[in-house]
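here is the input, now give the coordinates:
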Amino acid sequence: MRSAFDFSPLYRSTVGFDRLFDMLDQSAQVESMTNWPPYNIEKLGEDQYVVTMAIAGFSADEIEVVQKESQLVVTGQKKGSDDGKQYLHRGIATRAFKQTFNLADHVKVTGASLENGLLTVDLKREVPEALKPRRIEIKSAGAKSLAQDNQPAQIEHGKAA
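All right, here's what the predicted structure looks like:
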């Protein structure tokens, strides 16, 4: 389903934002498809996040948590059947679900647990050292650099040069 927004003018004047526009399109999907199971996304610290999903009635072996590239996919499928049970009211949903979360670069799943009907998925942003900001020494043309000179000293006839 296309969203109510037309991004075509932005496609003409931007480069490399395709993924952003795709995410905006996905977020405008029909509400009934994306509102179950209910979930929270919390930021615990500078680089730590938690996704908590209310999945009462599911056991750990009926849930699958997969991180593939920049997506976290949580799926649930009930294994048991309700044959022979007669419900007067059925308020606990047991339908299969698939919930996808788009993750930012370098966000990794560090753990998952199921307790009291709540699935908790721990996430952490781990930026590689090569991509972290680093301080660059500024040298001036007339002044001697404060950096160490690691060149070996040249020795002639037993004397240091």
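
beyond the worst-scoring helix or strand of the chain on mean pLDDT, next helix or strand please.
One helix or strand of the chain scores below all others by mean pLDDT, DSSP states H and E: helix 31-34, with a mean of 48. Next helix or strand after helix 31-34 toward the C-terminus (DSSP states H and E): strand 39-43.

may I see the buried residues of that following strand?
Tyr39 (16 or more other CB atoms under 10 Å). (Glycine included, C-beta is placed from N, CA and C.)

now Asp61, nearest residue through space, not along the chain?
Using CB to CB, 6 or more residues apart in numbering and skipping the chain neighbours, the partner closest in space to Asp61 is Lys79 (7.3 Å).

let me fix that: Ser113
Take Ser113 and drop its neighbours on the chain: the residue closest to it by CB to CB, 6+ apart is Thr120, 5.1 Å away.

show the pLDDT at that neighbour.
Thr120 is assigned 96 on the pLDDT scale.

distance of it from Leu20?
Separation of Thr120 from Leu20 (CB to CB, to the nearest Å) stands at 28 Å.

now swap in Pro128 and tell me
Counting by CB to CB, the gap from Pro128 to Leu20 is 23 Å.

higher neighbour count, these two?
Neighbour count, other CB atoms under 10 Å: between Pro128 and Leu20, Leu20 has more, with 13 against 7.

hang on, that one in a helix?
Yes - counting by DSSP: H, G, I helix; E, B strand; the rest coil, Leu20 is found in a helix.

ranges for the strands of the protein?
39-43, 48-54, 63-68, 71-76, 97-102, 107-115, 118-125, 155-156, 159-160 (DSSP state E).

now those strands in JSON lines, with distance to Lys132?
What follows is those, written out as JSON lines (distance: least, CB to CB, whole Å):
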{"stretch": "strand 39-43", "distance to Lys132": "20"}
{"stretch": "strand 48-54", "distance to Lys132": "17"}
{"stretch": "strand 63-68", "distance to Lys132": "22"}
{"stretch": "strand 71-76", "distance to Lys132": "24"}
{"stretch": "strand 97-102", "distance to Lys132": "23"}
{"stretch": "strand 107-115", "distance to Lys132": "15"}
{"stretch": "strand 118-125", "distance to Lys132": "11"}
{"stretch": "strand 155-156", "distance to Lys132": "41"}
{"stretch": "strand 159-160", "distance to Lys132": "40"}
